[in-house]
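Participant: Sequence and predicted model, in that order:
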Amino acid sequence: MSDLTSRLSGWMDFANPTRFVGLADKVVPWLATIATLLLAAGLYMSFTAPEDFQQGITVRIMYIHVPFAWLAMMCFTLMAVSALGTLVWRHPLADVALKSAAPIGAVFTALALITGSIWGKPMWGTWWVWDARLTSVFVLFLMYLGIIALTRALDDAARAAWAAAIITLVGFINIPIIKFSVDWWNTLHQPASVFRLGGPTIDPSLLRPLLVMALGFTVLFFALHLMAMRTEILRRRVIAMRRVAARQAS
């Protein structure tokens, strides 16, 4: 029991911003290296994988579109957990994690929308349709932008953290809507073919490179998130030092 307590205490030490910055300095290079290797392997597997019998060569867009869409939802889920950390547990790094994740999630969501449109044009004959899946993902993108704008508009850091946490938790209801929209409504978007109860419906020759690419982009996300959190912590330190210097000067 004492061993478990000491381990938990050791992990909780990383809630200290200074210790977290030190951890990020050590972990980020490793994550970046692993992400680079996985993405290089995934790209090679993607370009050497067979074409789909219906979609032909356009199926290769799947290898980046699906990871982008997955990370768009995963990032907002991480932000929702961080929001709970802010409102319930008052974790010192929760707001840093939420604020740092929002721009990254916005980029991945935008990339998911762009690659989805490129994929949809030859498949559906149109760049965009206002069906349930596409509309709910677009709403997710707007929520990311709203949270980013909110955190930058309020000067009071505590108020900004509280407001961003509330909006994130309210907006999280959109994540299951995105996930199950293709099951609940008639949409042009294809139904789930990887994460489903009956198992994947994609041929293994196409599934393997997709999973490698998804893993590579996931590791890349965590590398970027740690870097962004480290930068945000240092930015807040600089602001605090400037305020102290201004008070001393006056």
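Facilitator: In hand now; what should we look at?
Participant: Find the least confident helix or strand in this protein, judged by mean pLDDT.
Facilitator: Among the helices and strands of the chain, helix 2-12 carries the lowest confidence by mean pLDDT, DSSP states H and E, at a mean of 47.
Participant: which other residues reach the host helix or strand of residue 167?
Facilitator: Following DSSP states H and E, one finds residue 167 within helix 157-171. Applying Cβ atoms under 8 Å, 6 or more residues apart in numbering, the external contacts of helix 157-171 come out as 76, 79-80, 82-84, 86-87, 94-95, 98-99, 102, 140, 143, 146-147, 150-151, 153-154, 236. All C-beta atoms are positioned from the backbone trio N, CA, C, and that covers glycine.
Participant: Pull out the buried positions in stretch 20-28.
Facilitator: For stretch 20-28, burial by neighbour count (16 or more other Cβ atoms under 10 Å) applies to 20-21, 24, 28.
Participant: Surely residue 129 is within a helix?
Facilitator: No. Counting by DSSP: H, G, I helix; E, B strand; the rest coil, residue 129 is not found in a helix; it is coil.
Participant: burial count for it?
Facilitator: A count of neighbours around residue 129, defined by other Cβ atoms under 10 Å, yields 15.
Participant: Need the phi and psi values for it.
Facilitator: phi -140, psi 150 (degrees, to the nearest 10).
Participant: Quick check, pLDDT for it.
Facilitator: Looking at residue 129, its pLDDT reads 88.
Participant: Now for the buried residues of stretch 20-28: which two are most distant?
Facilitator: Greatest spatial distance in these: 20 and 28, 11.7 Å, computed using Cβ to Cβ.
Participant: got any residues that touch both of the two?
Facilitator: What both residue 20 and residue 28 touch, as defined by Cβ under 8 Å, 6+ apart, is the set residue 230.
Participant: quick revisit: which of the contacts of helix 157-171 are buried? Put it as a ChimeraX command.
Facilitator: In ChimeraX syntax, the buried subset of the contacts of helix 157-171 is picked out as below (16+ other Cβ under 10 Å):
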select :76,79,80,82,83,86,87,94,95,98,99,102,140,143,146,147,150,151
